[in-house]
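# can't give you the sequence, but here's the structure:
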Ligand SMILES: [Zn+2]
């Protein structure tokens, strides 16, 4: 395949280059390449070509007991592809009590195989800690899983002592520990109080999980990370300015080995949505915050203080699943769709001049690829890298609309947001899989990626 005439994002900025792909890789990048006999040519004249995006925070097929995330590995990866994401690393849910670390990985292989349409990997998930579990971390790494997730809230939460033990072992193995930071006691205390007082509406969801609950846990886990010899840490879905202050404190103190993720919902949406009649749509954790946090996060993004943007894609239908919370917000399944809208929303910000394209590509592709052991195969446009490419028509203007999305959910939280630019085509390993907002690839073409050790930024 030869892709001609595009303005191509390279490590030296945008360049007018032709791209030749062969056996799934970028074979040549040069000013003028002429088609060889029988070579298929894709005309990208006037278009911009970005690296395929990498989303390291999805929850496909997540089972939370009373509800099940609507996107499986087929619909979820089709939606991802249509939104310019060509690699995902999924966070498996908790397994049965007492299960080993491979239990959920084995299960998730069966969920993804034959279904995923883009390349994929899994994070490990820890829901308890003992010597056996710690010894299994090495096995996980051999299986190509170089990161694990821990929670400071929910049923599988770890104590500080357990977290320290995980961090010490992970550091020795060169594994990255992703952490959901919320103080469980603050959240449980406030939830109980609100429900007792009959305050059951969705507007009490953010009040029950205040910024302090997140920031305290951020501060605590970074303190534990320093104690464990500056263990590599990755803070998922940071949502508040208060957390950024603690993050800044630790960075100024010389802790370099930790990384920060936020998500588009925390940049674009705020807590006033919980007061709307359909407020249940926006129940996720951490919750949407007061508007000033959007600006603080946007500023941090611009300054390079946010390393990655994930989506935390976890779709529950409003008409059915979200209604579990209609008389009690604590019973509403937590999560929103977003895997398809991240790159378009961020590309739009760049075209509006609010952030630069470097920030978009770094946070949505290059940095997640580096941190999660996918680089240099993924996350960049260069000879030898996988030919994962997103062709963007910068001149298009539109609006995010649920009816145009492929996510298997009955709403998008970003409905009617104006966008600049439009994804015209997507290539995965040199194969055109999206054109004109249609998935044109084959079900199950995605490959499991054995990830290598994380690479600091
Ligand atoms: Zn999540």
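Sure thing, it's come through. Model, not experiment: these values are computed from the prediction.

# show me the protein divided up by domain.
Domain segmentation of the chain under automatic domain parsing yields 2-50+381-439, 52-371.

# nearest to residue 453, out of those?
Proximity to residue 453 (C-beta to C-beta) singles out domain 52-371 among the domains of the chain, at 4.3 Å. To be clear about C-beta, it is placed using only N, CA and C from the backbone, and glycine gets the same treatment.

# quick revisit: out of the domains of the chain, deepest packed?
Among those, ranked by average contacts under mean count of other C-beta atoms under 10 Å, first place goes to domain 52-371 (a mean of 21).

# centre of the chain to that one, how far?
Chain-centre distance of domain 52-371: 8 Å, with C-alpha atoms, centre = their mean, to the nearest Å.

# and whichever strand or helix holds residue 266, what other elements does it pack with?
Using DSSP states H and E, the element containing residue 266 is helix 264-268. Packed against helix 264-268 by the contact rule (3 or more C-beta pairs under 8 Å, 6 or more residues apart in numbering; DSSP states H and E) you find helix 292-302, helix 342-351.

# so which of the ones you listed is nearest residue 142?
Residue 142 lies closest to helix 342-351 among the helices and strands packed on helix 264-268, at 31.1 Å (C-beta to C-beta).

# columns distance to residue 454 and mean pLDDT on top of the domains of the chain, output as a markdown table?
Below are those laid out as a markdown table (distance: least, C-beta to C-beta, whole Å; pLDDT from 0 to 100):
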| stretch | distance to residue 454 | mean pLDDT |
| --- | --- | --- |
| domain 2-50+381-439 | 18 | 97 |
| domain 52-371 | 4 | 97 |
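
# who wins for proximity to residue 457 among these?
domain 52-371 (5.8 Å).

# residues contacting the residue lying closest to residue 20 once chain neighbours are set aside?
Once flanking residues are discounted, residue 20 sits nearest to residue 28: 4.2 Å by C-beta to C-beta, 6 or more residues apart in numbering. By C-beta atoms under 8 Å, 6 or more residues apart in numbering, residue 28 lies in contact with 18-20, 383.

# phi and psi next, for residue 28.
Backbone torsions of residue 28, given as degrees, to the nearest 10, read phi -150, psi 150.

# now it: how far from residue 381?
Distance, residue 28 to residue 381, by C-beta to C-beta, to the nearest Å: 12 Å.

# the domains of the chain into a markdown table, with extra columns for distance to residue 447?
Converted to a markdown table, the domains of the chain look like this (distance: least, C-beta to C-beta, whole Å):
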| stretch | distance to residue 447 |
| --- | --- |
| domain 2-50+381-439 | 8 |
| domain 52-371 | 5 |
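
# tell me where the stretch 301-450 of the chain has helices.
342-351, 357-361, 367-371 (DSSP state H, counting those that start in this stretch).

# reformat these as TSV; add distance to residue 57.
Below are those laid out as TSV (distance: least, C-beta to C-beta, whole Å):
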stretch	distance to residue 57
helix 342-351	10
helix 357-361	17
helix 367-371	9
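
# residue 414 is nearest to which of those?
Residue 414 lies closest to helix 342-351 among the helices of the stretch 301-450 of the chain, at 6.7 Å (C-beta to C-beta).

# so that closest one versus helix 292-302, what angle?
Angle of helix 342-351 versus helix 292-302, following axes from the mean of the first three to the mean of the last three C-alpha atoms, to 10 degrees, is 80 degrees.

# ok, residues contacting helix 342-351?
By C-beta under 8 Å, 6+ apart, helix 342-351 touches 50, 53, 55, 83-85, 263-264, 268, 309, 311, 355-357, 359-360, 363-364, 390, 392, 394, 400, 414, 417-423.

# and after the lengthiest helix in the chain, which helix or strand comes next?
Ordering each helix of the chain by length in residues (DSSP state H) puts helix 211-227 first. Counting by DSSP H and E, the element after helix 211-227 in chain order, helix or strand, is strand 233-235.

# what's the following helix or strand after that next one?
That would be, after strand 233-235 and using DSSP H and E, helix 241-252.

# which residues touch residue 437?
Here residue 437 is in contact with 82, 404, 423 (criterion: C-beta under 8 Å, 6+ apart).

# and these as a markdown table, adding distance to residue 98?
Converted to a markdown table, the contacts of residue 437 look like this (distance: C-beta to C-beta, whole Å):
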| residue | distance to residue 98 |
| --- | --- |
| 82 | 39 |
| 404 | 44 |
| 423 | 44 |
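
# in a helix, that's where residue 21 is, yeah?
No: counting by DSSP: H, G, I helix; E, B strand; the rest coil, residue 21 is not found in a helix; it is strand.
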